[in-house]
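J.: the amino acid sequence is not available; the structure is as follows:
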Ligand SMILES: OC[C@H]1O[C@H](O)[C@@H](O)[C@@H](O)[C@@H]1O
Ligand SMILES: OC[C@H]1O[C@H](O)[C@@H](O)[C@@H](O)[C@@H]1O
Ligand SMILES: OC[C@H]1O[C@H](O)[C@@H](O)[C@@H](O)[C@@H]1O
């Protein structure tokens, strides 16, 4: 079965929408169990879409972005996989095998994008300085647009040009560059924390920074446990001040004049 | 060898006494090495009693109730096992095999009993409210009686009716009920802690509750370590107050009037 | 090849110097890669010395005294091993096999020495009491001398008398005595800490001692982590005092007179 | 704790009316306490464990100390709280606590001290007596018994109980004397001691909740091929001892709302059995 | 923090000029916030994660609260700080924070509270929604789908989103109401609340540095036969999360020295790529 | 700490008589210290480890600082306390401590700071120098040596010692300058600094006791078939590092009761050997 450019374009649009849904909206229409049938509809084979969607849902089960880390991309995996299964008639399992490299490539691409979007934050800082609320909004809309367009092409290209050509394109990118940007993404929060600390850190809070670090680094405690313990410390401090004041008051009363 | 009803009755009494000794008195005459010979005496075969007692002592070595949790019951294990060995002439090892199911059944029974005894505590609360010391004492004596009688029947019945009938009786109880009460026993301390907290908890101590919980739940520290650390915190607080007072005093002296 | 007494003597001196260097000076001329060639020079076979030194350097790689604990002694291992290789012409690997027992024996010997040197510390205490700086210096020089002489004999004896006789001597010492002194060495820091505590401990610091102990014993935290956390506690305390004083001041201002 | 009147009520319930130092306890009194401590677990149960037997043990002494009936009632109420410790070491705790009672400390100070001292002694005693002394004596006894000698039983009995009773009586007297010596100090620092005791006591309670309450769900959610085990897949990832904490806090809320202990116990039992039948516990 | 003038500047940047309680937020305002929270990750990036989308979400409300333009700017600047939490629970944080904004707390108190509340919710939400709710709904959907029914897709979509939107809107209103109720209390204790929030906030930041910044070196030093792996053989023995800490502190020093975020990001990117090419990252 | 007179005596022993800032140390003085630091372990022993060599290293500087003989004696006594750190980093500690001596801090403040700074540097230095620098240099040297070249030895020696001596002298000067800069600050907050130093110092000592004292018993109690291993079956279940703690506290009690160190050392040695012969150590 041949795919028309219009079909490819519509699938690209579907990727655009699902791509946004993966991080925004989060209705989860981007999950295979929904996306599969939609691909089926576009390609005129709903039934196969449903079945491939069901299969892929199980394959991607438990894979969701945790703390910003990307698993192999579920959307491109589903669109490419389902399209392949419908056009060639292979089983869903075989389609997964074809789809996974694309899913992994897009996983890298997204990681890259999230690194590359970092500089936009200073634009936002400037807007904030001017209380320019419109600017903030535009940056967010722009972010959506970039993400969506990226997804569009990730779906459109392999489908329109066929797997081999698309694969060659992916391989053309220098691996070190991609990996390097991925590494940079892992380090990037340090910049965010540094800016945060500029606002919030005062000398008298240094000890608490140390305690939080020691608890996370050496004791390997999760953030929740550390936040609980910190809350306890804060409450102790909070209540002690009352006492001090009270003590002082009492002392003065006792001493009379 | 046949067992007379009188012998069975005496063995029941022995179980009564040993049963109390397992949790009260704690002279440990309930351990196989002592109990075995006593069974032997009752059944007129001291020597076998001694040998079976020695063997069972090693089988139950290291099994004692820790933090209220019951191991397979040593007393019924010993009495049933020793009786079986003496009457049938089988080796101590075989006798153990016969005794273990009974020991496990009684283990469950005791767990059940300790759940079921919980409501008596509110009786005690009422007595305490009235400063009724006699009432408190009676509850305790009643507890002993119930426990002892329970042990009596656990020894008397299987010995008098023989193993099969007794076994059938045990199996007749719905497993879910027994297990469920066992589960309830595990949860029960929550009620005890809640009542304790009603007396002792004030808002200013909430942080310490949190710290204790974090240390036990996430760091898996034993109570001793937590108590040590808490003691350290308490001492720091204790001594700091002196200082505060002192500081205040000094300030006032400095400022003179 | 025979070894003259003069050569043995010079090798003894080399051991003397290298022995000091292992704990003092620490230029690491005592490592096989340097010591091997020096032995070669003395015995007139520089080339073999270089090769054996290189081999042994790899054998002893990563073995250095950590926190005072001795690994098998690198110096005697090298001198005995290199000498053996040069005189008998065996390969470096075989030489290692010969050298290791000596290295282990000397390891024990040094451990012993470091236990036995402990009483000298009270001599130092007395000198300190009298502000006798010369005395302190002499004790240190004396320590060097004892250590050096010990090394001298550890090298000289096996080389001069040959391995078997030296081995017999080592075996003549009662193992329990040596082991016992080794055990004593492990306990010895307790004495050091006790004396330290006499100077530094006050009642108000007991809680911190407890916290340090709990952190090291139960949480198994390394000293660095504990020192970091302690620093945080100290800073909190340091800054809180300011506040208290400030509070007091403010209160008084508020209350006016 | 809300309004002021509530606070006053709390203080009333907490402080003894008669603040004069209680009657001295004689050697006979302490011995009596030690004897009665043999019944520490007479009314053992999973809600308060040794509470009833503990009170039984110190009751004669309490009566002597608190001649004011209201005070006696307050004291008894306090001593009905959850307690678990090692039976051989309990007299140590009793001795200290009775000295505190004599000096008329707050109920909550006394209870905090009791929990703080008694709880860690549970594990310590188990390690020393159940896991060490008992196997040693038992091993020696069994050895002799297996050679056919009745001396095994006798030797076991004597060895074990010499240690047992020496400790039980020795610790009782030692602890009481220690506590009495501390009375003036405690009296002079009543508030501070109370605060310190509360810190340790409450911390230990927090730890006990995570350690003693055993509650986990067997619930599995089967969704097609997927099986989600609520306990291991969800709750344990959230935080450890989550259900014990939640259940204890619920109980606490209900207690404060006036539910009686019996009601809570029945509720818990029904929950346990129902949970088992329904398959979620 | 050095000189006094610096400190004053800090306070200026920290406190709102207009200290009167801000305009009340209507149900419609909160609903708008919840709708906009759908774009929480619109400008997601690894430097500040959800900061941009977070600000987008609360922006209309902020405009209503801060009629003073300087205050609005201050507030917006604060809200551009690093943030990461679970998208379904974010409206809970938003509600509380908006109540704090209304009561005109310091910027740093607000930010500390935000970090302290939001950060642990990240892991909690992941466990509850991504690792529990999603597999359950997905499993049920896939099961039906594999039997050939389109109902799988539909049921999945409905089940999942009922939970999703109920939480998103419910939590928003609940948290805002809760926060508003707390306003008088917070107002009365401004300084103390600020201090307490700072303690928790900064502690969590310390923990986040060790948890979120992923930086380790692949450097190996080959010296003849010896291979020393810098990360596992040296740094990990020194202390865990050493490089993340050092890198964060360097960034912090540079920020204080006036480097712009863009410069730091570029620096980091170049470092990442260069490090990969040079083989030490 | 008991009576007031005792406390006064303690303060006397703790504070220097001459409170004026000590003579400045010249570059030559610091260099001398760095040279002498080469003998840090000249009198190494397991009781106080590097104490003797440490004092040897700073002795000329101490003489210059404390012109009052009593003060010099006090200072020297303090510096004979247990110490263990990395020999390459010791001059860093020395520099700081000498600056503190110049500003005439209490003996106990100085000792607490010494312990707090020096102890963690032990592990850090071991990881950096013994486990990293040494294998690298050694590997390179051995590589050349195995090709038959004497350059291996030479290169090793140069590489290693360039790092070694740069650190030793560089750190000495750096730390002293740093310390001197801090003198006014320290002087202004003497009491508070002392307290803070004590907190860190004593905490570290508590940790050192659990880390450094190696004492465990091999005692097994054979009771018929039962074998109870005192260490693993009893003590380790009770608490970790139990014997080290107990032994240290016993030593402490004996020290306070006036036992001389020699006596304690002899006692320990006899115990070690006797324990080995008797088979319980
Ligand atoms: O971990 C919390 C949160 O982190 C990031 O924002 C994303 O990965 C979300 O999917 C995730 O829920
Ligand atoms: O754990 C302390 C203590 O707990 C319960 O009271 C019983 O199991 C005792 O046998 C045990 O010694
Ligand atoms: O651990 C620090 C330090 O301890 C002892 O002093 C010796 O073993 C040194 O070699 C080591 O560097």
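T.: Thanks, I have it. In this text the structure is predicted, and so the values were computed from the model without any measurement. Numbers count the residues shown, from 1 in each chain, chains lettered A, B, ... in the order given. Ligands and ions are numbered 1, 2, ... in the order given.
J.: can you count the residues close to the residue in chain A that ligand 2 sits nearest to?
T.: Residue of chain A nearest ligand 2, by CB to the nearest ligand atom: residue A:225 (26.6 Å). Using the backbone N, CA and C atoms, a C-beta is placed for each residue, glycine as well. For residue A:225, the neighbour count with other CB atoms under 10 Å in any protein chain shown is 23.
J.: okay, residue D:247 and residue B:194: tell me how far apart.
T.: Using CB to CB, to the nearest Å, we find residue D:247 at a distance of 9 Å from residue B:194.
J.: how about the nearest residue to residue D:49, chain neighbours excluded?
T.: residue D:84 (4.1 Å; CB to CB, 6 or more residues apart in numbering or on different chains).
J.: neighbours around the closest residue in space to residue D:173 that isn't next to it in sequence, how many?
T.: Excluding its sequence neighbours, the residue lying closest to residue D:173 (CB to CB, 6+ apart) is residue D:30, at 5.5 Å. Using other CB under 10 Å, residue D:30 has 22 other residues around it.
J.: my guess is residue D:30 meets residue D:174, correct?
T.: No: counting by CB atoms under 8 Å, residue D:30 stays clear of residue D:174, with 9.9 Å between them.
J.: can you map out the strands along chain D?
T.: Taking DSSP state E as the test, the strands found in chain D are D:220-223, D:226-229.
J.: what pairs with the last one, parallel or antiparallel?
T.: Right, strand D:226-229. Paired with strand D:226-229 in the same sheet, following DSSP bridges, are strand D:220-223 (antiparallel).
J.: so what's the gap between the strand it pairs with and the chain middle?
T.: For strand D:220-223, the separation from the chain centroid amounts to 40 Å (computed by CA atoms, centre = their mean, to the nearest Å).
J.: quick check: mean pLDDT across it?
T.: The pLDDT scores in strand D:220-223 average 81.
J.: run through who's touching it.
T.: D:227, D:228, D:229, D:230, E:132, E:135, E:136, E:137, E:138, E:139, E:140, E:143 (CB atoms under 8 Å, 6 or more residues apart in numbering or on different chains).
J.: quick one: which of the residues you listed sit in helices?
T.: Judged by DSSP state H, helices contain the following of the contacts of strand D:220-223: E:135, E:136, E:137, E:138, E:139, E:140, E:143.
J.: wait, the fifth one sits on residue D:226?
T.: Right, the one you point to is residue E:139. Yes: counting by CB under 8 Å, residue D:226 is a contact partner of residue E:139 at 3.0 Å.
J.: overlap in contacts, the two.
T.: Joint contacts of residue E:139 and residue D:226 (CB under 8 Å, 6+ apart) are A:58, A:61.
J.: picking up where we left off before, quick check: closest non-adjacent residue to the residue of chain A closest to ligand 2.
T.: residue B:218 (4.4 Å).
J.: ok, the one you found - contacts?
T.: Counting by CB under 8 Å, 6+ apart, residue B:218 has contacts A:221, A:222, A:225, D:239, D:240.
J.: residue contacts, the closest residue in space to the fourth one that isn't next to it in sequence?
T.: In space, not counting the residues next to it along the chain, residue D:239 is nearest to residue A:224; the distance is 5.9 Å by CB to CB, 6+ apart. For residue A:224, the contacting residues are D:238, D:239, E:120, E:123, E:124, by CB under 8 Å, 6+ apart.
J.: where's the closest residue to chain B within the stretch 101-250 of chain D relative to residue D:251, distance?
T.: Per CB to the nearest CB, residue D:206 is where the stretch 101-250 of chain D lies closest to chain B, at 2.7 Å. Distance from residue D:206 to residue D:251, counting by CB to CB: 15 Å.
J.: same thing with residue D:198?
T.: Separation of residue D:198 from residue D:251 (CB to CB): 21 Å.
J.: and residue D:69, how many residues sit next to it?
T.: 11.
J.: just checking, it touches residue B:131?
T.: Yes: under the criterion of CB under 8 Å, residue D:69 makes contact with residue B:131 at 5.1 Å.
J.: what pLDDT does the model give the residue nearest the centre of chain D?
T.: In chain D, the C-alpha nearest the mean C-alpha coordinate belongs to residue D:83, at 1.3 Å (CA atoms, centre = their mean). Predicted confidence (pLDDT) for residue D:83: 95.
J.: contacts only, for it.
T.: Shown in contact with residue D:83 (CB under 8 Å, 6+ apart): D:48, D:49, D:50, D:51, D:54, D:114, D:115, D:118.
J.: I'd like to know which of the residues you listed are buried.
T.: The neighbour count (16 or more other CB atoms under 10 Å in any protein chain shown) marks D:48, D:49, D:50, D:51, D:54, D:114, D:115, D:118 as buried among these.
J.: so of those residues, which ones are in helices?
T.: Going by DSSP H, the helices hold D:51, D:54, D:114, D:115, D:118 from those.
J.: what about the nearest residue to the last one once chain neighbours are set aside, neighbour count?
T.: Counting by CB to CB, 6+ apart, residue D:85 is the residue found nearest to residue D:118 once chain neighbours are left out, at 3.8 Å. Burial of residue D:85 is recorded as 25 neighbouring residues (other CB under 10 Å).
J.: you'd agree residue D:85 is up against residue D:51?
T.: No: in this structure, residue D:85 is not within contact of residue D:51 by CB under 8 Å, at 11.1 Å.
J.: still on that earlier bit, so residue D:247 and residue B:194 - more neighbours on which side?
T.: Higher neighbour count among residue D:247 and residue B:194: residue B:194, with 26 against 21, using other CB under 10 Å.
J.: show me what contacts residue A:137?
T.: Shown in contact with residue A:137 (CB under 8 Å, 6+ apart): E:56, E:59.
J.: kindly apply the preceding question to residue A:187 instead.
T.: Residue A:187 makes contact with E:213, E:214, E:215, E:244, E:247, E:268, E:271, E:272 under the criterion CB under 8 Å, 6+ apart.
J.: which secondary structure state is assigned to the residue of the stretch 101-250 of chain A found nearest chain F?
T.: Here the residue of the stretch 101-250 of chain A nearest chain F is residue A:207; by CB to the nearest CB that distance is 10.7 Å. Residue A:207 falls in the helix class when you classify it by DSSP: H, G, I helix; E, B strand; the rest coil.
J.: could you report the neighbour count for it?
T.: Other residues close to residue A:207 by other CB under 10 Å number 25.
J.: surely it meets residue C:229?
T.: No: assessed by CB under 8 Å, residue A:207 is found out of contact with residue C:229, at 9.2 Å.
J.: just give me the longest helix of chain D.
T.: For chain D, the longest helix by residue count, based on DSSP H, is helix D:151-188.
J.: so what does that helix touch, helix or strand wise?
T.: For helix D:151-188, the packing partners by 3 or more CB pairs under 8 Å, 6 or more residues apart in numbering or on different chains; DSSP states H and E come out as helix B:32-43, helix B:46-59, helix D:27-36, helix D:90-102, helix D:134-146.
J.: any buried residues in it, and which?
T.: Neighbour count says helix D:151-188 has D:152-153, D:155-157, D:159-161, D:163-164, D:167-169, D:171-176, D:179-180, D:183, D:186 buried, by 16+ other CB under 10 Å.
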